[in-house]
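Visitor: quick one, what's the 3D model for this:
(chains A, B, C and D)
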2 protein chains.
Amino acid sequence: MPTPLLTRDQLLSRLCDTFRHYGYEGTSMARIAEATGLGKASLYHYFPEGKQQMAASVLNWAVQWFEDHVFAPLKSTHPPRQRIVSMLDSLSDYYALGQCACLPALFGMAAERDLFADTLHDFYQRWLDALAQALTDSGLARDIAQRRAQEALERIQGALVLARGMQDTRLFGDMAQGMVDHLLAGAGRSTLWTTRMPSIPARPVITRVG
Amino acid sequence: MPTPLLTRDQLLSRLCDTFRHYGYEGTSMARIAEATGLGKASLYHYFPEGKQQMAASVLNWAVQWFEDHVFAPLKSTHPPRQRIVSMLDSLSDYYALGQCACLPALFGMAAERDLFADTLHDFYQRWLDALAQALTDSGLARDIAQRRAQEALERIQGALVLARGMQDTRLFGDMAQGMVDHLLAGAGRSTLWTTRMPSIPARPVITRVG
DNA sequence: GTCTATATAGGGATAGAC
DNA sequence: GTCTATCCCTATATAGAC
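Guide: Okay, the predicted model is just below:
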């Protein structure tokens, strides 16, 4: 029994890169074999159910990454501003400042998107909930927090679409730039977070900062 | 010579539906044949260069639709508020309130996206320019107008991504709901628009035929 | 302008040796 | 666990009759 050429994490990482570059339908077994350096038959050893299973595994792997690097920080007990900065830092890494696609967004647009529907729904919902949590903890009213969380996700996903369409890498950074202040506008001063509870409601302001 | 079964517009319309549903890679000649009721050979009569030419034609056709129903209203001499409402109405139609994908966004994510790069860049740039024009005409400073136009496009495209991912048709409408007031916040009262001329004349635009 | 039939390549997936 | 060789199907595209 020859020794494995790749660890499971290495394998998933290369699979992820390939799917993010070519999309679900655009990723062929030949491209995966090339990207991993494995023969097709070896890939079926790891994923007996083939391409669908590879995509599902890669999506779960990516979702777990978000859970660890985006959602968990948002739900931590650090000051809300710091949590949101942490989210944006992680996103800048994951998307390489807009150069790389969002795997969930890509799979949500695929012809075979039904395969991923449940996973994607939960993914976005957990993201929204985690961000809204950070915002309510900052002192914003719950409905304001939810609306702003929704807007933020829209702008993040939209910036990725536009960055691709316009082939402009500055676009994602520009979006992230003003995001923190916009999200926290009107909230209690976040530097006081660690010294008081988030019970103080903020003025319900809908200001969107340019 | 048998009579054509479809006009060119009917053909393009059905091609467009198919590409928007399955994406570029997910759309096969078999699916197109089924959607149009034509045999594959007939399709090659209209598009000798095959699937790539069909996609390019459909994209140009869609871009022209935006030119007529979105960009032109934004650049008209009506009051700015009315122009933006007109844009959002047209978008709600085109995206069926979020149920249908944006063809340019879809093609921008495709594995073969290089085929469409120039067209897509121009498309988004003209959209941004047209919206920023309406906003400067409302009395907003040019840099504010450009930033808000950018944000609006991000939210529109992002709402489409999220609507798909969460399978929630309310999402697009909610986004469009507060868009007008948000875009025009702090602008001169738009009801005065018809009594004065725009301070900056619209620039000539390179139109692309469908 | 449409069709049936077909050519050729590439898709996903498998068998079986090592 | 990896490989080579191969299976079958679908993909795009074409030929030629009507």
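
Visitor: which residues does the residue of chain A found nearest DNA strand C contact?
Guide: DNA strand C sits closest to residue A:50 of chain A, with a gap of 2.3 Å, by Cβ to the nearest atom of the strand. Bear in mind the C-beta positions are built from the backbone N, C-alpha and C, glycine included. By Cβ atoms under 8 Å, 6 or more residues apart in numbering or on different chains, the residues touching residue A:50 are residue A:44.

Visitor: buried stuff in the longest helix anywhere in chain A?
Guide: Ranked by residue count and defined by DSSP state H, the top helix of chain A is helix A:142-166. Neighbour-count burial for helix A:142-166, counted by 16 or more other Cβ atoms under 10 Å in any protein chain shown, picks out A:144-166.

Visitor: so who does the residue minimising distance to the centre of chain A touch?
Guide: Centroid-nearest residue in chain A: residue A:66, 5.5 Å away (criterion: Cα atoms, centre = their mean). Applying Cβ under 8 Å, 6+ apart to residue A:66 gives the contacts A:94, A:123, A:127.

Visitor: my read: the last one touches residue A:71, true?
Guide: Think residue A:127. Yes. Counting by Cβ atoms under 8 Å, residue A:127 touches residue A:71, with 6.4 Å between them.

Visitor: report pLDDT for the residue of chain A closest to DNA strand C.
Guide: Residue A:50 carries a pLDDT value of 98.

Visitor: now it: phi and psi?
Guide: The phi/psi pair for residue A:50 (degrees, to the nearest 10) reads phi 80, psi -150.

Visitor: who in chain A is up against DNA strand C?
Guide: A:2, A:27-31, A:40-41, A:44, A:48-52 (Cβ under 7 Å from any atom of the strand).

Visitor: apply 6 Å and report the result again.
Guide: Residues of chain A lying near DNA strand C by Cβ under 6 Å from any atom of the strand: A:28-30, A:40-41, A:44, A:50-51.

Visitor: so which residues on chain A come close to DNA strand D?
Guide: Checking chain A against DNA strand D by Cβ under 6 Å from any atom of the strand, the hits are A:1-2, A:4-6, A:38-42, A:45.

Visitor: from those residues, pick the one nearest residue A:98.
Guide: residue A:6 (28.4 Å; Cβ to Cβ).

Visitor: quick one: the closest one and residue A:36 touch, right?
Guide: Yes. Under the criterion of Cβ under 8 Å, residue A:6 makes contact with residue A:36 at 6.6 Å.

Visitor: returning to what we had before: what secondary structure does the residue nearest to the centre of chain A sit in?
Guide: Secondary structure, DSSP: H, G, I helix; E, B strand; the rest coil: residue A:66 is helix.

Visitor: now swap in residue A:101 and tell me
Guide: coil.

Visitor: which pLDDT value does the model give it?
Guide: 98.

Visitor: okay, and for chain A, where does confidence drop off?
Guide: Applying pLDDT under 70 to chain A flags the ranges A:1-2, A:189-210.

Visitor: could you check how many residues crowd around the residue in it that DNA strand D sits nearest to?
Guide: The minimum distance from chain A to DNA strand D, using Cβ to the nearest atom of the strand, falls at residue A:41 (2.3 Å). Counted with other Cβ atoms under 10 Å in any protein chain shown, the neighbours of residue A:41 add up to 8.

Visitor: let me know the next secondary structure element after the strand or helix carrying residue A:60.
Guide: For residue A:60, the host element (DSSP states H and E) is helix A:51-66. On the C-terminal side of helix A:51-66, the closest following helix or strand by DSSP H and E is helix A:72-74.

Visitor: name the helices or strands packed onto the helix or strand following that next one?
Guide: Next along the chain after helix A:72-74, taking DSSP H and E as the criterion, comes helix A:80-94. If you count contacts as 3 or more Cβ pairs under 8 Å, 6 or more residues apart in numbering or on different chains; DSSP states H and E, helix A:80-94 packs onto helix A:72-74, helix A:117-137, helix A:170-177, helix A:179-184.

Visitor: can these go into TSV with extra columns for distance to chain B and mean neighbour count?
Guide: As requested, those are exported to TSV (distance: least, Cβ to the nearest Cβ, whole Å; neighbours: other Cβ atoms under 10 Å in any protein chain shown):
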stretch	distance to chain B	mean neighbour count
helix A:72-74	17	19
helix A:117-137	5	20
helix A:170-177	6	18
helix A:179-184	9	19
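
Visitor: right, and residue A:149 touches residue A:132 too?
Guide: Yes. With contact defined as Cβ under 8 Å, residue A:149 and residue A:132 form a contacting pair (4.2 Å).

Visitor: for the residue of chain A closest to DNA strand D, give its distance to chain B.
Guide: Separation of residue A:41 from chain B (Cβ to the nearest Cβ, to the nearest Å) stands at 24 Å.

Visitor: can you tell me the element that residue falls in?
Guide: Counting by DSSP H and E, residue A:41 is part of helix A:40-46.

Visitor: distance from the chain centre to that helix, please.
Guide: Taking Cα atoms, centre = their mean, to the nearest Å, one finds the center of helix A:40-46 at 29 Å from the center of the full chain.

Visitor: just among the residues of chain A next to DNA strand C, which is most surrounded?
Guide: residue A:51 (18 neighbours).

Visitor: look up the closest residue to that residue, ignoring the ones flanking it.
Guide: residue A:29 (6.6 Å; Cβ to Cβ, 6 or more residues apart in numbering or on different chains).

Visitor: the one you found contacts residue A:43, correct?
Guide: Yes. The criterion here is Cβ under 8 Å, and residue A:29 meets it with residue A:43 at 6.9 Å.

Visitor: and residue A:100, how many neighbours?
Guide: Residue A:100 has 18 nearby residues by other Cβ under 10 Å.

Visitor: can you say which helix or strand has the closest residue in space to it that isn't next to it in sequence in it?
Guide: Among residues not flanking residue A:100 along the chain, residue A:20 sits closest, at 5.7 Å (Cβ to Cβ, 6+ apart). Assigned by DSSP H and E, residue A:20 falls within helix A:8-26.
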